[in-house]
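A.B. asks: structure for this input, please:
(chains A and B)
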Amino acid sequence: MLSNIKTIALQGLDGIIITIEVDITEGMPSWEIVGLPDASIKESRERIKSAIKNSGIEFFNKKYIVNLSPADIRKEGAMLDLPIAVGVLASTGILSEGEFNDTIFIGELALDGSVRKVNGVLPICIEALKYGIKKVIVPIENANEAAVVQNLEVYGVSNLIQVVNFLNKKINLQRTIVDIEKFFKKTEKDILNFSEVSGQENVKRALEVAAAGSHNCLLVGAPGSGKTMMARRVTTILPDLTFEESLQITKIHSIAGKIKGENEALITRRPFRSPHHTISPHGIIGGGKIPKPGEISLAHNGVLFLDELPEFSRNTLEVLRGPLEDRVVTISRVGASLSYPCNFMLIASMNPCPCGYYGSSEKECTCDERKRNMYRARISGPLLDRIDIQIDVPSVKYNNFKNSVSESSEEIKSRVDKARKIQNERYNNLGIFSNSELTPKLIRKFCTLNLESENIMQKAFEKFKFSARAYSRILKLARTIADLDGKENIEAVHITEAIQYRCLDKS
Amino acid sequence: MKYIKIDYKDNLYPEKLKKIKNSPKQLYAIGNIDLLKEDMIAIIGTRYITNYGKKYVKKFAKEIALRNITIISGMALGTDAEAHKIALKYNSPTIAVLGTGLNNIYPIENIKLFNDILESNGLVITECLPDIEYNCKVFPKRNRIISGLSNGILVIEAGHRSGTGITVKYAIEQKKPIFAIPGKLDDTYSVGTNRFIKEGANLVTDISDILNFYPQFLNKKRKSISVKKVKSEYLEIYNLLKNKSCNIEEINRNIKNKTIIEITNILTMMELDDIIIKDFGNGYKLKEENA
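C.D. replies: Got it, this is the predicted structure:
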């Protein structure tokens, strides 16, 4: 008897509906899977055989042919175990006849018949809805994640026999429903808060500007001056995620297998990724035979923090150049050519010199000029050009951080939210969301200067010998500062503040 | 590049160099050769200049430059370069003595300084043929020319074993007065200077310690520098920076009635008005002429 079962395979973030056809014929007992399966699918027959047997269901030794259609697309992953097993049971007549056309099955099987969790459930379910699927049967651990897609009937199962009984209508499974609002409600306050950072008012202000305009940011300072501490708190002042953004993040994390536990069905906080500096270029932009998302995609809608920027290999840093502009990365391999979104805010930190103490009042620097220059030259000009804010982080003396009250993240965030709202309204139909994305044409339109600020700009250019790129960076920053200030036009004070955020250009 | 070769027998060959041991057979010079006849002070010190060294090379070089006394040094990184730069800043003559040929400026980082010296009517000399490259065995020998041409050497900072030590050795041999700035006992780059003082170098705490040594210097008039009038809105920060250079954190702590944004704005305007400069990592300081 022939059976047809559906599931969905992912190609990057796109889903393709896969029909699993199982046919049983008389003849020498054998088992053949055709339709470009990878090794893990070929091995699935051993798991399926044992799982069926150990679930107490009779397994007929016959000639099985499993076809995965469309036959010209390479399929991978153990999540096809469950649909193939269901197909086998349907064709042997163990499942009562029924239509499974609007149902998809996802899950890996264990030898004892239990269903194990898999990666990528959320993107599969989102795609399933597009194909008109109504019901999904997923491992119980993935049920919450799947149920985020509201219009889909989601059933979580823990073993094969449950699936059989459910499909034979012997038992009733509870449809999984999640309350999305609940995820967005902040059950606990953020552990990190800017109120813990005493002093460093100018750096905090710079990060506020960075958050308000989604500007990339480079912190330069001696060890222990608090660069990492402040960078880690940036996510607490970024605007709350919208449902759409949250879905995008969860999709990528789901594919990468970063969703842990049932409570984290939807990621509702902006991701903060801080890869170690030994990371390879593939690790950062994504890669593999069938490309998986890299750190920049995992940081999508969040913050990518590169601590000790000059320690990263040159290759790793240079591959960031494209994605920083395009906000999407396309990775081509033999297996597939896939695009992942990567709209992240880059925050990097570095020491002013190899020993770290150049300019510190606490400790004498032991590097000479040549060493210092070589250290700074490790970051290429084009990369530096893509970083809007470059700021010195001064070291703080002990007696300065006693008894000081600092603004909390919530206060800063409320200002950031306001500035973002202004930007959203201004760029409503332009396909951009923040000042950092302004193109030269839009800069001319939205960043006009009055006579006074024009004069200051000219003076600064003659004095600091800024490049043409720095000019547009300063204008963008000034635009964000004006937005924070609630001003329609850029004024002189906004320009003068923006100039302070270009410390590497000046020296 | 247009250079002049000066042979030992040449009229232009400085008399001072004829008196020293192992005088160079010839000099290759580029720039204002008349400077060779002038009285001059050599300012030397470590390449790994510390903040302390930077502060005092500026203080003393400035006083010397303001009296239009020629500063001679080796155009190395660190102390040498600072000394040359200050001479250039106050339009005072300066001579750089290289240990390589004129076609191989060493260190290459100072190529801009080299051009600046020539542009402002300074002089660059060397005893090496134009195409000679850097050679660590030959290089220190140029130090005998620095001390030989000078009327005295001022040591800003020196480590335990250093090129500066070699110059001092030559100066002793040539019976030139040696001046040294004292440092803390535990500073790596004050070990040398402190030792020179112990061995008889003149301890310098004030510019008069050097000037009083030379009757010809005493009647040199100090150029006056015009101090810019500081705008009233800058005064608070100006007065703060007058005492010592501060980073923005310290400025923010000391100026209570202004927000960080206002301070940032004022700092930019002060930078644009040439009152302060921002040193990468070092915070803000007043420009020399305003100090």
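
A.B. asks: for chain B, what are the nearby residues on the stretch 401-507 of chain A?
C.D. replies: Counting by C-beta under 8 Å from any C-beta of the partner chain, the residues of the stretch 401-507 of chain A close to chain B are A:456, A:459-460, A:463, A:493, A:496-497, A:499-500, A:503-504, A:506-507. All C-beta spots, glycine's among them, are computed from the backbone N, C-alpha and C.

A.B. asks: quick check: mean pLDDT of stretch A:376-392?
C.D. replies: In this model, stretch A:376-392 has a mean pLDDT of 88.

A.B. asks: follow-up on the earlier one: restricted to buried residues, select the residues of the stretch 401-507 of chain A next to chain B in PyMOL.
C.D. replies: Entered in PyMOL, the line below selects the buried ones among these, by 16 or more other C-beta atoms under 10 Å in any protein chain shown:
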select buried, chain A and resi 456+459+460+493+496+497+499+500+503+504+506
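
A.B. asks: can I get the residues of the stretch 401-507 of chain A next to chain B in a markdown table with secondary structure and pLDDT?
C.D. replies: Listed next are those as a markdown table, based on DSSP: H, G, I helix; E, B strand; the rest coil; pLDDT from 0 to 100:
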| residue | secondary structure | pLDDT |
| --- | --- | --- |
| A:456 | helix | 91 |
| A:459 | helix | 90 |
| A:460 | helix | 89 |
| A:463 | helix | 86 |
| A:493 | helix | 92 |
| A:496 | helix | 93 |
| A:497 | helix | 93 |
| A:499 | helix | 90 |
| A:500 | helix | 89 |
| A:503 | helix | 78 |
| A:504 | helix | 77 |
| A:506 | helix | 61 |
| A:507 | coil | 52 |
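
A.B. asks: farthest pair in the residues of the stretch 401-507 of chain A next to chain B?
C.D. replies: A:493 and A:507 (23.4 Å; C-beta to C-beta).

A.B. asks: quick one: low-confidence parts of the stretch 101-250 of chain B?
C.D. replies: B:226-228 (pLDDT under 70).

A.B. asks: residue of it closest to chain A, please.
C.D. replies: As assessed by C-beta to the nearest C-beta, chain A sits closest to residue B:247 within the stretch 101-250 of chain B, at 3.6 Å.

A.B. asks: now the helices for the stretch 1-150 of chain A?
C.D. replies: Under the criterion DSSP state H, counting those that start in this stretch, the stretch 1-150 of chain A contains helices at A:39-42, A:44-54, A:81-91, A:121-130, A:143-147.

A.B. asks: on contacts alone, who are the packing partners of the third one?
C.D. replies: If contacts are counted by 3 or more C-beta pairs under 8 Å, 6 or more residues apart in numbering or on different chains; DSSP states H and E, helix A:81-91 sits against strand A:2-11, strand A:14-25, helix A:44-54, strand A:63-69, strand A:103-105, strand A:108-109, helix A:160-167.

A.B. asks: ok and it relative to helix A:160-167, angle-wise?
C.D. replies: Angle, helix A:81-91 to helix A:160-167, by axes from the mean of the first three to the mean of the last three C-alpha atoms, to 10 degrees: 60 degrees.

A.B. asks: with only the CA atoms kept, save helix A:81-91 in PDB.
C.D. replies: In PDB, the C-alpha atoms belonging to helix A:81-91 read as follows (Å, rounded to 0.1, in the frame of the first residue of the first chain):
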ATOM      1  CA  ASP A  81      12.400  10.300  11.500                       C
ATOM      2  CA  LEU A  82       8.900  10.800  12.700                       C
ATOM      3  CA  PRO A  83       7.200  11.500   9.300                       C
ATOM      4  CA  ILE A  84       8.900   8.500   7.700                       C
ATOM      5  CA  ALA A  85       7.900   6.300  10.600                       C
ATOM      6  CA  VAL A  86       4.300   7.600  10.300                       C
ATOM      7  CA  GLY A  87       4.500   6.900   6.600                       C
ATOM      8  CA  VAL A  88       5.700   3.300   7.200                       C
ATOM      9  CA  LEU A  89       2.900   2.700   9.700                       C
ATOM     10  CA  ALA A  90       0.300   4.200   7.400                       C
ATOM     11  CA  SER A  91       1.400   2.000   4.500                       C
END
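
A.B. asks: can you give the distance from that helix to the centre of its chain?
C.D. replies: Offset of helix A:81-91 from its chain centre (C-alpha atoms, centre = their mean, to the nearest Å): 34 Å.

A.B. asks: average pLDDT across that helix?
C.D. replies: Helix A:81-91 comes out at a mean pLDDT of 93.

A.B. asks: mind listing what's buried in stretch A:449-467?
C.D. replies: Counting neighbours by 16+ other C-beta under 10 Å, the buried set in stretch A:449-467 is A:449, A:453, A:456, A:457, A:459, A:460, A:461, A:464, A:466.

A.B. asks: out of those, flag the one nearest to chain B.
C.D. replies: Nearest to chain B among the buried residues of stretch A:449-467, with distances taken as C-beta to the nearest C-beta, is residue A:459, at 4.9 Å.

A.B. asks: once you drop chain neighbours, what's closest to that closest one?
C.D. replies: Spatial nearest neighbour of residue A:459, chain neighbours left out: residue B:272 (4.9 Å); criterion: C-beta to C-beta, 6 or more residues apart in numbering or on different chains.

A.B. asks: show me what from chain A comes close to chain B.
C.D. replies: Going by C-beta under 8 Å from any C-beta, the residues of chain A near chain B are A:199-202, A:205, A:220-222, A:352-353, A:358-361, A:364-366, A:368-370, A:373, A:392, A:394-396, A:400, A:456, A:459-460, A:463, A:493, A:496-497, A:499-500, A:503-504, A:506-507.

A.B. asks: list the contacts of residue 70.
C.D. replies: If you meant another chain, say so; for now it's chain A. Going by C-beta atoms under 8 Å, 6 or more residues apart in numbering or on different chains, residue A:70 touches A:16, A:18, A:35.

A.B. asks: the intended chain is chain B.
C.D. replies: B:35, B:38, B:39, B:40, B:41, B:87, B:92, B:93, B:94, B:95.

A.B. asks: distance of whichever residue of chain A sits closest to chain B from residue A:371?
C.D. replies: Residue of chain A nearest chain B, by C-beta to the nearest C-beta: residue A:359 (2.6 Å). Residue A:359 sits at a distance of 14 Å from residue A:371 (criterion: C-beta to C-beta, to the nearest Å).

A.B. asks: out of the two, which sits in the more crowded spot?
C.D. replies: Ranked by neighbour count (other C-beta atoms under 10 Å in any protein chain shown), residue A:359 and residue A:371 place residue A:359 first, with 21 against 16.

A.B. asks: ok, the more buried one touching residue B:279?
C.D. replies: Yes: at 6.5 Å, residue A:359 counts as touching residue B:279 under the criterion of C-beta atoms under 8 Å.

A.B. asks: name the residue closest to the centre of chain A, please.
C.D. replies: Nearest residue to the geometric centre of chain A (C-alpha atoms, centre = their mean): residue A:298, 2.7 Å.

A.B. asks: just the pLDDT at that residue, thanks.
C.D. replies: Reported pLDDT for residue A:298: 95.

A.B. asks: what count of nearby residues applies to the residue lying closest to it once chain neighbours are set aside?
C.D. replies: Among residues not flanking residue A:298 along the chain, residue A:273 sits closest, at 5.3 Å (C-beta to C-beta, 6+ apart). Using other C-beta under 10 Å, residue A:273 is surrounded by 18 other residues.

A.B. asks: in the sheet, who's paired with residue A:273?
C.D. replies: residue A:304 (DSSP bridges).

A.B. asks: now render the contacts of residue B:70 as JSON lines, adding secondary structure and distance to chain A.
C.D. replies: Shown next, in JSON lines, are the contacts of residue B:70 (DSSP: H, G, I helix; E, B strand; the rest coil; distance: C-beta to the nearest C-beta, whole Å):
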{"residue": "B:35", "secondary structure": "helix", "distance to chain A": "27"}
{"residue": "B:38", "secondary structure": "coil", "distance to chain A": "29"}
{"residue": "B:39", "secondary structure": "coil", "distance to chain A": "31"}
{"residue": "B:40", "secondary structure": "strand", "distance to chain A": "25"}
{"residue": "B:41", "secondary structure": "strand", "distance to chain A": "24"}
{"residue": "B:87", "secondary structure": "helix", "distance to chain A": "19"}
{"residue": "B:92", "secondary structure": "coil", "distance to chain A": "23"}
{"residue": "B:93", "secondary structure": "coil", "distance to chain A": "25"}
{"residue": "B:94", "secondary structure": "strand", "distance to chain A": "19"}
{"residue": "B:95", "secondary structure": "strand", "distance to chain A": "22"}
